[in-house]
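Undergrad: Predicted structure and sequence below. I'll ask about it afterward.
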Amino acid sequence: MVVPACGELPPEWEAVLDQIAETADRSDRFGVPRSHFSELARVGAHGVPAPVDQWRELTERIAGADASTWFCWAQHQTPLRTLELGGNQPAAQSLQQQWLPGLQSGEYLAAVAFAHIRRPGPANPVARELNGDWQLDGSLDWVTSWDIADVVMVMALTEDKSEVVTFFIPTSDFMEVIPGSSVGEPLELLSMSGTHTRPIRFGHSVIPRDFVFNVGSFAAWQETDARKTLAPNPAALGLARAAIEELESIGIARNNSEILNLVVTLTGKCDSLRDNAYSLLDQGDAAQDAALMQSRVEILEFARECTAAVVIARAGAGMQSGRSAERRVREAMFLQVQAQTEPTRTAALDRINQRYSDH
């Protein structure tokens, strides 16, 4: 391994990661199989967090093996942690009992839809209370893992955006349970089409109170979420690591000293970026927003450059569809916009502007 690990993984975890990597190009074309998560769960790498260094290493390695699998795996964690924290609605305890053990064990896989509540402007979809039930009108443009998930956690805002409502709804008979809803065809994406991502529309759709888990302050949620979206992304480090390893294999196969020298340079930079990122994360609330954002933007940029270096090194072969080189370039571009907010978008664009503007 070129870039040193930040935590030790059990051999059985390593074996599953190798299997995921071997099928990554197929997953990208035809969709991530549910078996990936069953295998991760079988070895204890799915629902229950490990020690922090091990969890970071696992995150990096899944992303480096197959970013589509990583994204579905990461999406599963949010409903899981939400259920663990508990809700404040009458059905919260029964929903927790119904879903939490299976999400922890890997019996169930969860999808999630909440990126829309980060967007500025009017709430979409809009949630309106109806004597304990809730009516939804509008759309969820991005619901990941739909075809392989058992339950979806949907978050929606009230019309005045004062409250955020959290629902847990089974996917198997979603349109029958939620009349007036419709699930669209899988989205054709530049990258991560293997994540089974679909849109959902609601038209005066009533969500029964049995699926309502929590109603809380949107301002409080925003404050917590804003901090999360500033944080550097371990998945981008994992993608960079995988690209550096592929670059090294090219250099060795060709006995090319220039490529191998680049590997040394990129390895040192990856180590430095990771040390800084995890040091900031370990500071918790003491870490400065500006430092977190700079780390995030630098790592995303670095992942993009590492994946581009592999394409350049492979020359024409790097442009062939269905190969790891071009897939990772697209995955690196996806990470530029994943969990993007106005501050992180502005910071990324400002960094490009600073690089090329005349002073």
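TA: Now that the structure is in, tell me what you want to look at.
Undergrad: can you pull the buried residues of stretch 214-229?
TA: Neighbour-count burial for stretch 214-229 flags 214-215, 218, 221, 225, 229 (criterion: 16 or more other C-beta atoms under 10 Å). C-beta: built from backbone N, CA, C; applies to glycine.
Undergrad: Ok, stretch 87-106 next?
TA: Counting neighbours by 16+ other C-beta under 10 Å, stretch 87-106 gives 87, 89, 91-92, 95-96, 98-100, 102-104, 106 as buried.
Undergrad: Just flag the most distant two among those residues.
TA: Using C-beta to C-beta, the buried residues of stretch 87-106 reach their maximum pairwise distance at 89 and 106, which is 26.4 Å.
Undergrad: Now do the helices in the stretch 251-359 of the chain.
TA: 257-282, 289-314, 324-337, 342-356 (DSSP state H, counting those that start in this stretch).
Undergrad: among the ones you listed, which is nearest residue 165?
TA: Closest of these to residue 165 is helix 342-356, at 23.5 Å (criterion: C-beta to C-beta).
Undergrad: Can you check what angle separates the closest one from helix 324-337?
TA: With axes from the mean of the first three to the mean of the last three C-alpha atoms, to 10 degrees applied, the angle from helix 342-356 to helix 324-337 works out at 120 degrees.
Undergrad: Run through who's touching helix 342-356.
TA: 120, 226, 229-230, 293-294, 296-298, 300-301, 336 (C-beta atoms under 8 Å, 6 or more residues apart in numbering).
Undergrad: For it, give the mean pLDDT please.
TA: What helix 342-356 shows for mean pLDDT is 74.
Undergrad: next one: stretch 104-120
TA: 92.
Undergrad: Would you mind giving me the confidence score for the residue positioned nearest the centre of the chain?
TA: Closest to where the C-alpha atoms of the chain average out (C-alpha atoms, centre = their mean) is residue 71, at 3.8 Å. Note for residue 71: predicted pLDDT of 94.
Undergrad: Can you name the next helix or strand after the helix or strand it falls within?
TA: Here residue 71 sits within helix 67-85, counting by DSSP states H and E. Downstream of helix 67-85, the first helix or strand assigned by DSSP H and E is helix 92-105.
Undergrad: what angle separates that next one from helix 67-85?
TA: 140 degrees.
Undergrad: if we can go back for a sec, farthest-separated two in the contacts of helix 342-356?
TA: 120 and 298 (25.8 Å).
Undergrad: tell me the contacts of residue 73?
TA: Contacts for residue 73 (C-beta under 8 Å, 6+ apart) come out as 36-37, 40, 46, 62.
Undergrad: ok now stretch 108-117, how far from the chain's centre?
TA: Remark: stretch 108-117 is offset 10 Å from the chain centroid, using C-alpha atoms, centre = their mean, to the nearest Å.
Undergrad: My read is that residue 3 contacts residue 264, right?
TA: No: judged on C-beta atoms under 8 Å, residue 3 makes no contact with residue 264 at a distance of 11.1 Å.
Undergrad: Compare the two (neighbour count), which wins?
TA: Shown here are residue 3 and residue 264; by other C-beta atoms under 10 Å, residue 3 has more neighbours (23 against 13).
Undergrad: circling back to that earlier point, show me which of residue 120 and residue 298 is the more surrounded one.
TA: It is residue 298, of residue 120 and residue 298, that has more neighbours when counted by other C-beta under 10 Å, with 20 against 6.
Undergrad: mind checking how far that one is from residue 261?
TA: 22 Å (C-beta to C-beta, to the nearest Å).
Undergrad: same check, this time on residue 170
TA: Distance, residue 170 to residue 261, by C-beta to C-beta: 54 Å.
Undergrad: Looking at these two, which has the bigger crowd around it?
TA: residue 170 (15 against 11).
Undergrad: wait, what's in contact with the more buried one?
TA: 150-151, 177.
Undergrad: By neighbour count, which of those wins?
TA: Using other C-beta under 10 Å as the neighbour test, these are led by residue 151, with 24 neighbours.
Undergrad: Got phi/psi on it?
TA: Phi and psi for residue 151, reported as degrees, to the nearest 10, are phi -150, psi 150.
Undergrad: my read: it touches residue 172, true?
TA: No: using C-beta under 8 Å as the test, residue 151 is too far from residue 172 to be in contact (9.1 Å).
Undergrad: residues shared between the contacts of these two?
TA: What both residue 151 and residue 172 touch, as defined by C-beta under 8 Å, 6+ apart, is an empty set.
Undergrad: hang on, the earlier thing: point out the ones among the buried residues of stretch 214-229 that are inside helices.
TA: In this view, those that belong to helices under DSSP state H are 218, 221, 225, 229.
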